[in-house]
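Asks: All I have is the shape, not the residue letters:
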């Protein structure tokens, strides 16, 4: 079995396979609709981040989500 240490917290090989299957089974119209819906969510923002900063941004988001769950 693949080691979970290669995945972000909360992810494992099974989850990766499920996500990949979801996107591989989408037709173009479904993919476009999903992308457009993401841009319509006013609680989220889409930004460009230099690739070398992506791990740090992911960690900040994970910390934020954890605080939301614990009510801190």
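Replies: Yes, it's here. These numbers come from a predicted model, not from an experiment.
Asks: starting at the chain centroid, how far to stretch 43-57?
Replies: In terms of Cα atoms, centre = their mean, to the nearest Å, the gap separating the centre of stretch 43-57 from the centre of its chain is 11 Å.
Asks: Quick check: end-to-end length of that stretch?
Replies: 17 Å (Cα to Cα, to the nearest Å).
Asks: pLDDT averaged over it, what's the number?
Replies: In this model, stretch 43-57 carries a mean pLDDT of 93.
Asks: Output the below-cut-off pLDDT ranges for the chain.
Replies: Applying pLDDT under 70 to the chain flags residues 1-4, 72.
Asks: Which residue ranges of it form helices?
Replies: 13-25, 28-40, 54-70 (DSSP state H).
Asks: Leaving out chain neighbours, which residue sits closest to the residue nearest in space to the middle of the chain?
Replies: What sits nearest the mean C-alpha location of the chain, by Cα atoms, centre = their mean, is residue 58, with 8.9 Å. In this structure, residue 58 finds its nearest non-sequential neighbour in residue 8, 6.5 Å apart by Cβ to Cβ, 6 or more residues apart in numbering. (Each C-beta comes from the backbone N, C-alpha and C, glycine too.)
Asks: Report how many residues lie close to that neighbour.
Replies: Counted by other Cβ atoms under 10 Å, the residues lying close to residue 8 total 12.
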